[in-house]
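S.K.: turn this into a model:
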Amino acid sequence: MARPRTLLRLAALAAAAAVALAGCGAGAGSASGSTLKWGFSLPTSWDPVTSSTGNDINTISLVYASLTQLDEKATAIPGLARSWDYNADGTAVTFHLRPGLTFTDGTPLDADAVKQSLLRGKTQQNSLLKDQLATISDITTSGDLDVTLHLAAPDYQVPNLLAGKTGEIVSPAAFTKDAAAIPTAPVGAGPFKFESFVPESKAVLVKNPGYWNADAIKIDRLELTPTTDPATVIAAVQSGALDVSFIPGNQIPQAKAAGLEVDVIDSMQVNQVDVNSTLEPLTDRRVVDALKYAIDREQIIDVINGGVGDAVSQPFPKGYVAYDPSLDTAFAYDPAKARQMLADAGYAPGQLSLTVTVNALSQATAELVQQQLQAVGVNATIKVVPPGSSTWQQEVYLGRKAQFALDGTVGRESPVQNLMVVYGSQGLMNTSKVATPEFLAALDAVRRTPLDAPNYPQVLQAAVRAGVQMSPSFSLGTQPRVAVRSKKVSPLPHFLSQYRWEGVTVGSPS
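M.R.: As a prediction, the model looks like this:
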């Protein structure tokens, strides 16, 4: 979990190079007419079917509601569906919708609308949800409120899966009329609805009184603008240009000195190194494992993020059901061991060279990693990818050209889904595209285990161990969300999965 160090220690580290937090944001609201100005990022698409990053859940969930949602510990609870139940063998799950639901275009959000929306995710040619929805073989309805998902095999992960983008329901009337318009003109049933949108610039949303949990939303108007430079955030919040935004952990002392409030919120985000073991010299597993021991995760957290976060060797945070404590010492920092493994692989100090690929916002992390690699005799060259460009996709995920890429997962609603992204044979972050039969069997065992079964945590953690031990890639540390806010904004709720808005208020400036 998040473990901020003392303010004295944070102050000493505040001058260290900053790195932007991926996947942060905030919300607020209060009295009639309250407006929140949120500095975050605009989504890649306002359509859950074509949204291309996990981080988008923080913004597109403003306008859509999902069948389920996650509580503070990332456990599935009711959303649009008030309840659900499985058949005896886990091959079908029926969701029972809340009565009287409508989309913001006024059309009913009933069982047929849910069916049409999910089928669109399965079948639309450019859908990015096809893989997640592949577990569904058929969808049937009974009356207006009951929708049954028939599954290709037993899968008790579905309620978690449908708590995110995969389960966000889009108005069939809107996408039947013009599906191409949804990415910039969404029609959902979430806490807010669109008032205006300028691509790459600003989105203005207003409270949706028809949202099923509207009483918990205290914000009347939300103005979302992108922020890319963490150095400007504190001044923007201090001046009132923004009410809430995010900062790196090493800026906490600066924010507090400016009279602002700071919320450190544990998240599902875990930083990672994507290692492509199909590229020389990483085809030698001894080299790959040496790199894992060469990286000082604690130093990265201290220097880059002001001591906020935990060093981990798995893609989940401490306290989450998937977190396996037995992995706490896996690949613990051991430069002597790293040097010996490189020597065993035939590399004398200075003979092995690597390219470290990094997003421009995390360049300070790359420079620290470069120093750590040089300390074990590896020459590292940094390749910087501009922020906001498509180069990362082509270089790392699609082109698979990067040997050693500093990356991170923002997490997924289903732990199986997250393991597939990080370690699955077609996983976006698995640039080696290799997954062992043992790992895949362990994942299947998780799917077949009910979430409330006494042995579910053990079955899930066994799959995590299989992935960590199999993969050439490796985790570095957790990345809690660090939100900076005006004193007129009340504290933000703490949800592992995303920024949420329930109960947050905006008052008058003090």
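S.K.: name the SS class of the nearest residue to Val321 once chain neighbours are set aside, please.
M.R.: Excluding its sequence neighbours, the residue lying closest to Val321 (Cβ to Cβ, 6 or more residues apart in numbering) is Pro457, at 5.3 Å. Heads up, the C-betas are built off the backbone N, CA and C, glycines and all. At Pro457 the chain is in helix, as set by DSSP: H, G, I helix; E, B strand; the rest coil.
S.K.: show me where pLDDT drops low in this protein?
M.R.: 1-32, 228, 388-389, 509-510 (pLDDT under 70).
S.K.: and the nearest residue to Thr148 once chain neighbours are set aside, its phi and psi?
M.R.: Nearest in space to Thr148, with sequence neighbours left out and distances taken as Cβ to Cβ, 6+ apart, is Thr94 at 4.4 Å. Torsion angles at Thr94 (phi, psi; degrees, to the nearest 10) stand at phi -110, psi 120.
S.K.: can you count the residues close to Thr94?
M.R.: 19 (other Cβ atoms under 10 Å).
S.K.: right, and it touches Leu151 too?
M.R.: No - with contact defined as Cβ atoms under 8 Å, Thr94 does not reach Leu151; the gap is 11.6 Å.
S.K.: can you list the domains in the protein?
M.R.: What automatic domain parsing lists as the domains of the chain is 7-41+191-267, 70-181, 270-478.
S.K.: surely Val63 is in a helix?
M.R.: No - according to three-state DSSP, the state of Val63 is coil, so it is not within a helix.
S.K.: if I look at it, how far off is Ser45?
M.R.: Going from Val63 to Ser45 by Cβ to Cβ, to the nearest Å gives 12 Å.
S.K.: more neighbours, those two?
M.R.: Neighbour count, other Cβ under 10 Å: between Val63 and Ser45, Val63 has more, with 24 against 19.
S.K.: show me what contacts the more buried one?
M.R.: Neighbouring residues of Val63 by Cβ atoms under 8 Å, 6 or more residues apart in numbering: 46, 104, 186, 188, 190, 192-194, 205.
S.K.: could you rerun that using 10 Å?
M.R.: By Cβ atoms under 10 Å, 6 or more residues apart in numbering, the contact set of Val63 is 43, 46, 48, 104, 168, 170, 186-194, 203, 205, 208.
S.K.: and for the residue nearest to Val321, the neighbour number?
M.R.: Neighbours of Pro457 using other Cβ under 10 Å come to 15.
S.K.: show me where the stretch 401-510 of the chain has its strands.
M.R.: For the stretch 401-510 of the chain, the strands defined by DSSP state E, counting those that start in this stretch occupy 404-409, 474-478, 481-485.
S.K.: now for the second one, which elements pack on it?
M.R.: Strand 474-478 sits against strand 270-275, helix 285-294, helix 297-305, strand 404-409, with contacts defined as 3 or more Cβ pairs under 10 Å, 6 or more residues apart in numbering; DSSP states H and E.
S.K.: which residues do Thr94 and Leu151 both contact?
M.R.: 86-87.
S.K.: what's near enough to touch the residue nearest the centre of the chain?
M.R.: For the chain, Val410 is the residue whose C-alpha lies nearest the centre (Cα atoms, centre = their mean; 2.2 Å). Each residue near Val410 by Cβ under 10 Å, 6+ apart is listed here: 22-24, 53-58, 267-270, 418, 421, 479, 497-498.
S.K.: out of the residues you listed, which are inside helices?
M.R.: Secondary structure from DSSP state H places 57-58, 418, 421 of the contacts of Val410 in helices.
S.K.: and the furthest pair within those?
M.R.: Using Cβ to Cβ, the pair of those lying farthest apart is Asn58 and Val421, separated by 17.1 Å.
S.K.: higher neighbour count, these two?
M.R.: Neighbours of Asn58 and Val421, each counted by other Cβ under 10 Å, are more numerous for Asn58; the result is 24 against 20.
S.K.: run a quick neighbour tally on Pro108.
M.R.: Neighbour tally, Pro108, other Cβ under 10 Å: 15.
S.K.: got the helices and strands packed on strand 474-478 as TSV, with mean neighbour count and distance to Pro199 columns?
M.R.: Below are these laid out as TSV (neighbours: other Cβ atoms under 10 Å; distance: least, Cβ to Cβ, whole Å):
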stretch	mean neighbour count	distance to Pro199
strand 270-275	23	29
helix 285-294	21	40
helix 297-305	21	31
strand 404-409	25	26
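S.K.: among those, which comes closest to Thr436?
M.R.: So among the helices and strands packed on strand 474-478, helix 285-294 is nearest, using Cβ to Cβ, at 12.9 Å.
S.K.: and that closest one, how far from the chain's centre?
M.R.: The chain centre lies 27 Å from the centre of helix 285-294; the measure is Cα atoms, centre = their mean, to the nearest Å.
S.K.: can you start the count at 724 instead of 1 from here on
M.R.: Will do, 724 is the new start, and the previous item becomes helix 1008-1017.
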